[in-house]
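K.L.:
structure of the sequence below:
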Amino acid sequence: MSHLAQFARLIFCILLVCVASVRCASAQTGDASSPDSKQGQTADQSRLPTEAEVQAIKDPGESDKVTLLPHSDDTGYWISAQANVVFQWHPSFPAKYTGTNSMTPEAQSATTHVVTLYTGWEVTPTTELFADFEYATGGGVGRAFGLAGYTNLDSVRTVSGAQLSTTPYLARLMVRQIIPLSSEKTEAERDEFHLATSLPVRRLEFRVGKFDLADFFDLNTWGQDSHLQFLNWTVDNNGAYDYAANTRGYTDGAIVEYDDHWFAARFGVTMEPKAANGISLDADIARARSENLELQATGKLIARRSGVVRLLGYVNQADMGNYKQAIAEFLDRETAAPNIIDTRRQGRHRYGFGLNFEQSITDDVGVFGRLGWSDGHNESWAYTEDDRELELGGFSMGTPWHRKDDRAGVAFVANGITADHQHYLALGGLGFLLGDGDLTYGPEKIFEAFYTAHLWRGFFASFDIQHINNPGYNRDRGPVTVPGLRLHVDF
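P.N.:
Numbering: from 1, shown residues only. Here you go, the predicted model:
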């Protein structure tokens, strides 16, 4: 069966599941005479609603719907889905040389597809279970090689040059446990990872299972979503945050979070892949693991507009290689080329820090940014080959131009690597993403802009453009411009 046929078949199955869930939700919804329905009545209770008002309640305007099918806030379960198709192309660009892991300079195009089915079950008001299934194909332009800030977060990476299976897989399987620490409640938005619509303002939360660390750490309202916002790896995430994940982006572990009004702290321990960018996770937590701590503060300190600051720290321990050792062995003629794999030793660490902020300017416009730093002595392990990051961006919803569900954004990112990492690549060493055979170092500079238009209900279309100077930190290659188109459906 072709990839396209598999993709269409999965879309059809998801539609059937979502339609079935809507019918169940409708059967569970009370009629207008129930006690809960009376809470929304106006002071003039003697006046009967007009036919137009009744119809508006039953069927909100099409422009107000942003999913293909409705989702209830009062059922004990959650079923939704999304499909994301990204097409990107780049013209030929200048390159003095091209290596094994270079972004190839010839003009090329590529398409990626990601389909996800989200399911959740509210076992009790404080216990939730989640199971998500995913189908992903397409390696993207250049098969995700040659850039630290790669152009498409949906790309499916290779493992030692081999493509991953296109069979649908289990993406997430986790339990969320809420422990109230106060009687005061606050409203909460329901989504595919959070089912409770009311939460204690002071509480503990535990998550255990299989998940994506980036779903809970280093979040940013305006720079994290490849479905409706930016596409670049180091715009949507902090490139210097080498968060634990297998090749598909998932790991197993546990997260504990403390929330108290304006403050939150979360700590996670998860498994590391057995090899850099590997598909298999190391279950021996004593030998290999990732430890992540993030502190978050919210407030309205600037012009009485909401803002968030997050401070992140992480330590990874795994069977890592060392750049300096690989260089020394090559210079001593022990190896034909610097080879980080030959220097791997259990118990080595890689650590780093991140600063993440977002600040509202108006109700619809905001600015955001990130700073990232990692020690960079041992090899990049899971996310990308990036030891330093500076990111600044701006974002706007479409309300100012009367397109309230549209959105647009611009971002600039500068990525860098340590001197040992530079020297290793300059001598011809290969990482799991980079390796031009030589290197004239320069920071990788990325500009990205996008516009996403809401077409109808859950259908969105986007135009995206990225301009990259010094791809792979190499001034001998590029610049390259990568325009793209995206079609997204929220079921």
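
K.L.:
ok, residue 81 touching residue 118?
P.N.:
Yes - counting by CB atoms under 8 Å, residue 118 is a contact partner of residue 81 at 6.5 Å. (Glycine included, C-beta is placed from N, CA and C.)

K.L.:
the more surrounded of these two?
P.N.:
Taking other CB atoms under 10 Å, residue 81 and residue 118 do not tie; residue 81 has more neighbours (26 against 21).

K.L.:
which element is residue 415 on?
P.N.:
Element membership for residue 415 (DSSP states H and E) is strand 407-416.

K.L.:
roughly how far does residue 351 sit from residue 320?
P.N.:
Distance of residue 351 to residue 320, computed by CB to CB, to the nearest Å: 12 Å.

K.L.:
give me the more crowded residue out of these two.
P.N.:
Applying other CB under 10 Å to residue 351 and residue 320 shows that residue 320 carries more neighbours, namely 24 against 17.

K.L.:
next up, the contacts around that one.
P.N.:
Residue 320 makes contact with 276, 344-345, 348-350, 378-379, 381 under the criterion CB atoms under 8 Å, 6 or more residues apart in numbering.

K.L.:
give me the buried subset of these.
P.N.:
For the contacts of residue 320, a neighbour count by 16 or more other CB atoms under 10 Å gives the buried set as 276, 344, 348, 350, 378-379, 381.

K.L.:
that older thread, what about the strand holding residue 415, average pLDDT?
P.N.:
The average pLDDT for strand 407-416 rounds to 98.

K.L.:
got a list of what residue 464 touches?
P.N.:
88, 230-231, 448-450, 483-486.

K.L.:
now the angle from the strand or helix carrying it to strand 407-416?
P.N.:
Per DSSP H and E, residue 464 falls inside strand 459-469. Between strand 459-469 and strand 407-416, the angle comes out at 30 degrees (axes from the mean of the first three to the mean of the last three CA atoms, to 10 degrees).

K.L.:
what is the subsequent helix or strand relative to strand 459-469?
P.N.:
strand 480-490.

K.L.:
before we move on, the earlier item: which of the buried ones among the contacts of residue 320 sits closest to residue 458?
P.N.:
residue 381 (36.5 Å; CB to CB).

K.L.:
tell me the secondary structure for that closest one?
P.N.:
Secondary structure state of residue 381, per DSSP: H, G, I helix; E, B strand; the rest coil, is coil.

K.L.:
all helices of the stretch 151-300 of the chain, in order?
P.N.:
Secondary structure of the stretch 151-300 of the chain (DSSP state H, counting those that start in this stretch): helices at 233-236.

K.L.:
point out where the protein drops to low pLDDT.
P.N.:
1-63, 160 (pLDDT under 70).

K.L.:
just give the number of residues close to residue 321.
P.N.:
Neighbours of residue 321 using other CB under 10 Å come to 23.

K.L.:
over to it: give its phi and psi.
P.N.:
phi -90, psi 170 (degrees, to the nearest 10).

K.L.:
quick check: it touching residue 340?
P.N.:
Yes - the pair residue 321 / residue 340 is scored as a contact, 3.7 Å apart, by CB under 8 Å.

K.L.:
who touches both of these two?
P.N.:
In contact with both residue 321 and residue 340: residue 379, using CB under 8 Å, 6+ apart.

K.L.:
and the closest residue to residue 323 other than its chain neighbours, what element?
P.N.:
Spatial nearest neighbour of residue 323, chain neighbours left out: residue 420 (3.9 Å); criterion: CB to CB, 6 or more residues apart in numbering. Taking DSSP H and E as the criterion, residue 420 maps to helix 419-426.

K.L.:
please enumerate the strands of the stretch 1-150 of the chain.
P.N.:
Using DSSP state E, counting those that start in this stretch, the strands of the stretch 1-150 of the chain run over 77-90, 108-124, 127-137.

K.L.:
okay then, goodbye and thanks.
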